[in-house]
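>>> Test case, fold it:
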Amino acid sequence: MHPVAETAVMPPDVKGRHPDFDSTGPSMESSLPISNKPVHEVIREKLDSIHDDRWEADEENSFFIGDLGEIYRQHLRWQSLLPRIEPFYAVKCNPDPMVVKMLATLGTGFDCASKTEIEQVLNLGVDPSRIIYANPCKQRSFIRYSQKQNVKKMTFDNAEELYKIKALFPDAELVLRILTDDSNSLCQLGLKFGAPLATTGRLLRLARELDLNVIGVSFHVGSGCFDASAFGDAVCRARKVFDEGEELGFNFTLLDVGGGFPGADVQDGITFEKVAAILGPAVDQMFPSNIRVIAEPGRYYVASAFTICAHIIARRTVGRDASELHGESGDEHPEYMYYVNDGMYGSFNCIIFDHQEPVAQVLQKDNVFMAEAEWSMEQDYKCSIWGPTCDSIDCLSKQTSLPQLDVGDWLYWKNMGAYTICAASQFNGFKKSEVHYTNTFI
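Model (predicted):
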């Protein structure tokens, strides 16, 4: 548990089985159960409930455990380290209905990129003022929808977007997204979005000519940023554009510092504490207290809150060549290819889209539950792990080491909450992994 959460109290409407919180939304007729047990105990109960003879119920399908308590701990951590900056959760990172509903209950704002995301948040009763439509290039019908729903805050980074907004939503509250140095991020969003500083003056003058209301500046240092100084540099750039806007007669009131914040799973290198130690003071130094500051954290909230469990559905023994078999080690054990029932086209799309390298751990072997237990005494052997589809790209790990496993055993992967479920498909007819929930904040 994070120190900041040790003495905190879980709000009554997000603990246990509160009827308003357990539902996936107002339209749901029944609530989803939320356990209060540790993640590994919830997993054990799930595995114990599986019966091999009930194959028609798909009981051996892969599944997630979503820890809502971990999300709450992250929220408290944010409030402690960046008290001035209001989090607007990036829905695209993980639109799981329980996650979104919990954060709505906690009073966060929301960064939405489409009509569907805006609709999901509004359906929870969130006030439109708690939403920023943070997509600089928007479909016209989506802008019309935003106008109808009074979702005023939206970003732009080019002249064409200004003309579009003028025609469809002239009363919008616009935020100019500027280009920053995201060269040290896993996903460099500057390749697609952000106005270079050389163009911001021209864009602001056009906004004045069109009589549009620009209220501030936003930036994004890139998803998965691993250079804390990038946040400080971006704040300096935003300050220059604020000054530029003031000279042109604008009264900017909002700074959006975007996303790129590491989650609780990051313990070495750039941690959230290191980012906060740079970002917080930089904002306070360059922006007076009357400027509202928001951010768009996504993976920060959910990366460490989800664990996925997958069943070994097949094993293939692969012979090794003679030079390996008779090497100095004397190891004549073959290698294995393990096939599990979730993969690159499902929850592990993060390997391609988010540049992640999930690490498999043994969950259950020979019907013995091994999560959170000591199994390192068993000898490991070289192996690869593959998803269930008929596509050869569906590889979760080309080479790793695990104890000898067999069909029916289980593996699990921690820190699988960010950019996983959201992009999963049902290619080859394989279902998306369902989510079971617990709340470990006790």
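>>> The nearest residue to Leu248 once chain neighbours are set aside in helix, strand or coil?
Excluding its sequence neighbours, the residue lying closest to Leu248 (C-beta to C-beta, 6 or more residues apart in numbering) is Leu204, at 5.2 Å. C-betas here are computed from N, CA, C, even on glycine. Three-state assignment for Leu204 (DSSP: H, G, I helix; E, B strand; the rest coil): helix.
>>> what about Leu204, distance to Arg144?
25 Å (C-beta to C-beta, to the nearest Å).
>>> and this structure, what are its domains?
34-65+304-438, 95-297 (automatic domain parsing).
>>> and the ones you listed, which is most packed in?
Neighbour counts averaged per stretch over the domains of the chain are highest for domain 95-297, at a mean of 19; criterion: mean count of other C-beta atoms under 10 Å.
>>> and Ile308, what are its bridge partners?
For Ile308, the beta-bridge assignment (DSSP bridges) gives partners Phe64, Trp413.
>>> Surely it touches Glu434?
No: contact criterion C-beta atoms under 8 Å: Ile308 and Glu434 do not qualify, at 10.7 Å.
>>> Can I take it that Thr155 is in a helix?
No: applying three-state DSSP, one finds Thr155 to be strand, outside a helix.
>>> Show the contacting residues for it.
Counting by C-beta atoms under 8 Å, 6 or more residues apart in numbering, Thr155 touches Ile132, Tyr133, Ala134, Asn135, Pro136, Leu174, Val175, Leu176, Arg177, Ser218, Asp256.
>>> for the nearest residue to the first one once chain neighbours are set aside, which residues make a bridge with it?
In space, Ile132 comes closest to Lys153 once its chain neighbours are excluded; the distance is 4.3 Å by C-beta to C-beta, 6+ apart. Following DSSP bridges, Lys153 is listed with bridge partners Glu173.
>>> And Lys153, what's its pLDDT?
In this prediction, Lys153 carries a pLDDT score of 98.
>>> Do a quick rundown of the strands in the stretch 151-300 of the chain.
153-156, 173-177, 185-187, 213-218, 223-225, 254-256, 292-295 (DSSP state E, counting those that start in this stretch).
>>> could you dump these to a markdown table with distance to Ser80?
Formatted as a markdown table, the strands of the stretch 151-300 of the chain follow (distance: least, C-beta to C-beta, whole Å):
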| stretch | distance to Ser80 |
| --- | --- |
| strand 153-156 | 26 |
| strand 173-177 | 27 |
| strand 185-187 | 25 |
| strand 213-218 | 24 |
| strand 223-225 | 21 |
| strand 254-256 | 21 |
| strand 292-295 | 15 |
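>>> Show me the shaky parts of the stretch 301-442 of the chain.
320-332, 372-377, 427 (pLDDT under 70).
>>> Tell me how far Tyr145 lies from Asn123.
As judged by C-beta to C-beta, Tyr145 and Asn123 stand 13 Å apart.
>>> about what we covered before: need the domains of the chain in CSV (columns: distance to Arg77).
Listed next are the domains of the chain as CSV, based on distance: least, C-beta to C-beta, whole Å:
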stretch, distance to Arg77
domain 34-65+304-438, 11
domain 95-297, 7
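>>> can you tell which of those is closest to Tyr72?
Of all these, domain 95-297 sits nearest to Tyr72, with 7.3 Å by C-beta to C-beta.
>>> Any idea how far apart the tips of the closest one sit?
Chord length of domain 95-297, first to last residue, is 13 Å (C-alpha to C-alpha, to the nearest Å).
>>> How about stretch 400-418?
23 Å.
>>> again, but for stretch 257-269
Note: stretch 257-269 ends 21 Å apart using C-alpha to C-alpha.
>>> and that stretch, what's its mean pLDDT?
Stretch 257-269 comes out at a mean pLDDT of 86.
>>> Kindly report the same for stretch 41-56.
Rounded mean pLDDT across stretch 41-56 is 81.
>>> Equivalent analysis for stretch 111-127, please.
97.
>>> Export the contacts of Thr155 as a markdown table, with columns for distance to Arg44.
Listed next are the contacts of Thr155 as a markdown table, based on distance: C-beta to C-beta, whole Å:
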| residue | distance to Arg44 |
| --- | --- |
| Ile132 | 41 |
| Tyr133 | 43 |
| Ala134 | 40 |
| Asn135 | 42 |
| Pro136 | 46 |
| Leu174 | 51 |
| Val175 | 47 |
| Leu176 | 51 |
| Arg177 | 46 |
| Ser218 | 44 |
| Asp256 | 43 |
